[in-house]
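turn this into a structure:
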Amino acid sequence: MTVRVSLIMPTRNRGDVLRLSLPRLLDQTIPHDAYEIVVVDDASEDDTGAVVKGFGAANMLYARQEKRTAAAGARNRAISMATGPLLLFVDDDALVRSDFVAEHLSTHERHPGSVVAGPIVEVTEPPEQANPPVGRFLGWHSNPFPTGNASVARQAILDAGGFDEGFNAYGWEDPEMYRRLIGTGVKRRYNWRAPIWHYKPAAHRRDFFDRLKLEESRGAMGAYYYAKHPTFSVGFETKQLGVFKALDRVAEGLFGLDARIAEARASGVEPASGFLKLLMVNHTEIQAGLRKRAELERARRG
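Presented below is the predicted three-dimensional model:
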């Protein structure tokens, strides 16, 4: 049988989670030779490679990036390996029902030329059932292209130019890819019958200092996104508009956010005030965006 759909999964240092997610992806209602799972390991330092190879699945392809490229680069490599005409993007911590792939395929059969998203149910424990019940509003979201649960024709991705590997850290590569995808003429669809259970163990939840690192990445990638698409909506989403910078300057003047962040990082003690933590997180993101914009401007000038 010809491969009908290729599942695209970037991963890094998630061997423990892959032991839970891959069995569900391998246990689908469509024949094994009708789909393939393409796993690209983004320079993991754990047993990710051994875990994937240990399944010995004929319909699973694996490649390892020796140098970390972030999700955009890993997805592009997986796309280059894929043989199916349809790409189904999933995260390594996506736990699915046995009809997950079939539901995505059926939506494309009914609505060719679509980009299809499904629900994302946030959980801290894996579902006990192999096929948990679905619901029309369970895990509902409005993201048109969440690469944890989205599918589109491979040719549409290629026509749009693939993922931009300038997004070399966490943040914004998905909506930027979607902006180019809609230029190929795809139409947005949502299938509430194709959810994922997005498994984030409570023990692995990011603490305040991890959140600061994440916002540094988001801020920098937000600036890169805005440089490519300098529209009001992108500027608003990524906090690149002047009003955000002005408000941040006021907050810095009132609360001394730079000093508070430095002190918290040095001591390892996060602020007790939720409001102050929110200000510090936003300040980190905005300042990282300013630094990235300055870097991009220097590069533009040569």
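
can you list the weak-confidence ranges in the stretch 151-300 of the chain?
Low-confidence segments of the stretch 151-300 of the chain (pLDDT under 70): 203-206.

now what about stretch 59-74, what contacts it?
If you take C-beta atoms under 8 Å, 6 or more residues apart in numbering as the criterion, stretch 59-74 is touched by 3, 10-12, 22, 26, 32-33, 35-44, 49, 52-53, 77-78, 81, 147, 163-170, 173. C-beta: built from backbone N, CA, C; applies to glycine.

among those residues, name the buried ones.
10-12, 22, 35-42, 44, 49, 52, 77-78, 81, 147, 163-170, 173 (16 or more other C-beta atoms under 10 Å).

separation between the nearest residue to Phe232 once chain neighbours are set aside and Gly219?
Excluding the flanking residues, the one nearest Phe232 by C-beta to C-beta, 6 or more residues apart in numbering is Leu241, at 7.4 Å. Leu241 sits 13 Å away from Gly219, going by C-beta to C-beta, to the nearest Å.

list phi and psi for Asp159.
phi -60, psi -30 (degrees, to the nearest 10).

same check on Val90?
phi -140, psi 150.

could you do Gln65 as well?
Dihedral angles for Gln65 - degrees, to the nearest 10 - are phi -80, psi 120.

count of residues packed around it?
Gln65: 17 surrounding residues under other C-beta atoms under 10 Å.

per-residue confidence at it?
Model confidence at Gln65, expressed as pLDDT, equals 93.

bridged to it, which residues?
Beta bridges link Gln65 to Asp42 when assigned by DSSP bridges.

ok, longest helix in this protein?
Ordering each helix of the chain by length in residues (DSSP state H) puts helix 274-301 first.

buried residues, that helix. List them.
Buried-residue list, helix 274-301, by 16+ other C-beta under 10 Å: 276-277, 279-290, 292-293, 296.
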